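*Asks:* Kindly generate the corresponding structure for this input.
(2 chains)
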Amino acid sequence: MRKTADVGIESDGAGTTVNAGDDLARAAAEAVAQRSYGKLVAFLAARTRDVAAAEDALSEAFAAALADWPVSGCPANPEGWLLTVARRKVIDMYRGQRRDELAGDELRALGFGLDGGSAASESPAIPDQRLALVFACAHPAIEAGIRAPLILQVVMGLDAKRIASAFLTSPAAMGKRLVRAKEKIRQAGIPFRVPQREELGERLDTVLDAIYGAFAESWTDGAGTDGARRDLAEEAIFLCRVVTEVLPGEPEALGLLALMLHAEARRRARRDSNGEYVPMSQQDFALWDAAMIVEAEELLRRASKMGSIGRYQLEGALQSAHVHRRRAGFANWEDVVQLYDALMAVAGSPVVAINRALAIAELHGAGPGLAAMQQVAGDARLAEYQPYWAARAELLARAGARGEARAAYEMAVGLERDASVRRWLQRRQAALES
Amino acid sequence: MQYLLMLHSEEAAWGRMTAEQQQQGYAAYMAYGEALKQAGALRGSNRLQPSSAATTVRVANGKPQVVDGPYVESKEQIGGYYLIDVADLDAAISWASRCPGAGHGTVEVRPVWTM
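*Replies:* All right, here's what the predicted structure looks like:
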């Protein structure tokens, strides 16, 4: 549900009669909300750096549209209409909050113009400053954990309740943190701009990490039964597309988009008809989304020609290798291990090490796999990381160490929050006895 | 926007430096201040006496209570500040990262409250 639902733009529930004009106005407003929410917020907030005020003004403008459009008809330029109304609201807010002479000065400085009226219709093309807004939300001065939620709300227009449910926190707590982050943007003077070439690298990483963070949250609901999380994946993919459109020469952005498309392509196959978890090695690949896979492969090709490898391209390439193995039916574990070696070099983490150990086990057997895993076993973060225990259990079982495998499965089951994955792990554990 | 760059560092470190090191450190701060001035960003700056010279005052029940020492006892203390006027936080961060104080301590960047 988008934030504009606050003003009733969501379609009506069953049993409500609405006339055709209302329906049309609603549909038009909803379409603009879908397409332009972030663009309008970005434009309104770029000068004031006041994201909350821009959101409030826009939400009032949507309400005004719902009152006006059924009567007067949909304007030829609905985006421009909304922007004009929202700009007036922003100006009103500033006038109301501050002493008049200051508000006047400030607004002139902001380039809003105190006529506030027809500027939008004079210049129908509203510049797309969404990416500048994304970079402001993912600024290093913003607390790392709130960057992805902030982007989802401010740029994608998702409401705090939806975001909170996707990130498994309470709406009140999420709302507070979002408000605080927006305050920080305004008070600290965080700029709305896409960083210059020389500083782009690190800053772009933060943006990509935030987008991937949103996508990863959606991934914990493999069944796609939770609508909130599924939407999150779509939003993350959409936003990454925006990044690749504005910065087409950034291979890591292409790599991330490819990685997400590959993962998304298999969503349907991750659960069987009873809702039970299906690991990739047993998925029916007829259920994979072929178009998404084709696009992902093309993106990886384009990225690889740019001659600068990075974490997301490597993870995308790993996805691609898994897809090829399943489809072609031949083992390519050597390539997979090489890709993990490269990934360890550019973005090593215990999580990468575990996956690398699993690939080594496929190539050289459970013993060498366990030995590779042992190298990170001391990392305290792994104690509560389900995939570590599941991977360890799997390799111990293969090595014939039943007792240890049983204990490791026990840990994995205890740490898993998805019931269907939990049942799958329990079945694996039970299979040890037979 | 105006930002106050507050330089926090370990106070005892200065005393452990050789005369030559102190001279070098002093010169680095002078050069930094000059660069800020040339860029038209400097609004004010001062080095502070050590926190042993600090006195803390609080009025309770209408009576001032005066206590010897800084507000917070800690190894790291504020040793100086720069008040700068720049376009945005990125520019402020960029100046803060050039400050010699960021090398041997921590620079806190605080926007000034605008009325």
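*Asks:* What score does residue 18 have for pLDDT?
*Replies:* I'll assume chain A. pLDDT, residue A:18: 48.
*Asks:* wrong chain, I was asking about chain B
*Replies:* Residue B:18 is assigned a predicted lDDT (pLDDT) of 94.
*Asks:* Near it, how many other residues are there?
*Replies:* Neighbour count of residue B:18, defined by other Cβ atoms under 10 Å in any protein chain shown: 8. (Each C-beta comes from the backbone N, C-alpha and C, glycine too.)
*Asks:* Excluding chain neighbours, what is closest to the residue in chain B that chain A sits nearest to?
*Replies:* Residue nearest to chain A within chain B: residue B:88 (3.9 Å; Cβ to the nearest Cβ). Leaving aside its sequence neighbours, residue B:88 sits nearest to residue A:191 (Cβ to Cβ, 6 or more residues apart in numbering or on different chains; 3.9 Å).
*Asks:* thinking again about what came up before, count of neighbours near the residue of chain B closest to chain A?
*Replies:* 19.
*Asks:* re earlier: now the residue nearest to residue B:88, what are its backbone angles?
*Replies:* When read as degrees, to the nearest 10, the backbone of residue A:191 gives phi -70, psi 150.
*Asks:* give me phi/psi at residue A:432?
*Replies:* Dihedral angles for residue A:432 - degrees, to the nearest 10 - are phi -60, psi -30.
*Asks:* Please verify my assumption that residue A:58 contacts residue A:44.
*Replies:* Yes. Proximity of residue A:58 to residue A:44 meets the contact threshold set by Cβ atoms under 8 Å, at 6.6 Å.
*Asks:* shared neighbours of these two, anything?
*Replies:* Residues touching both residue A:58 and residue A:44 by Cβ atoms under 8 Å, 6 or more residues apart in numbering or on different chains: residue A:86.
*Asks:* Show me which of the two is the more surrounded one.
*Replies:* Taking other Cβ under 10 Å, residue A:58 and residue A:44 do not tie; residue A:58 has more neighbours (29 against 26).
*Asks:* where's that one, which helix or strand?
*Replies:* helix A:51-72 (DSSP states H and E).
*Asks:* can you list the residues that contact the helix of greatest length in chain B?
*Replies:* Using DSSP state H to define each element, chain B has its longest helix at helix B:19-38. The contact list for helix B:19-38 (Cβ under 8 Å, 6+ apart) reads B:14, B:17, B:42, B:45, B:47, B:82, B:84, B:95, B:98-101, B:104.
*Asks:* go on, stretch B:59-72?
*Replies:* B:51-52, B:54-58, B:77.
*Asks:* Show me what the helix or strand containing residue A:245 packs onto, helices and strands only.
*Replies:* Counting by DSSP H and E, the element that carries residue A:245 is helix A:227-246. Counting contacts by 3 or more Cβ pairs under 8 Å, 6 or more residues apart in numbering or on different chains; DSSP states H and E, helix A:227-246 packs against helix A:130-137, helix A:144-154, helix A:160-166, helix A:197-219, helix A:251-265.
*Asks:* can you count the residues close to residue 69?
*Replies:* Reading this off chain A. If we define neighbours as other Cβ under 10 Å, then residue A:69 has 20 of them.
*Asks:* Sorry, I should have been clearer: chain B.
*Replies:* Close neighbours of residue B:69, defined as other Cβ under 10 Å, add up to 12.
*Asks:* For it, give its distance to residue A:170.
*Replies:* Distance of residue B:69 to residue A:170, computed by Cβ to Cβ, to the nearest Å: 42 Å.
*Asks:* Likewise for residue A:148?
*Replies:* Taking Cβ to Cβ, one finds residue A:148 at 17 Å from residue A:170.
*Asks:* No further questions, thank you.
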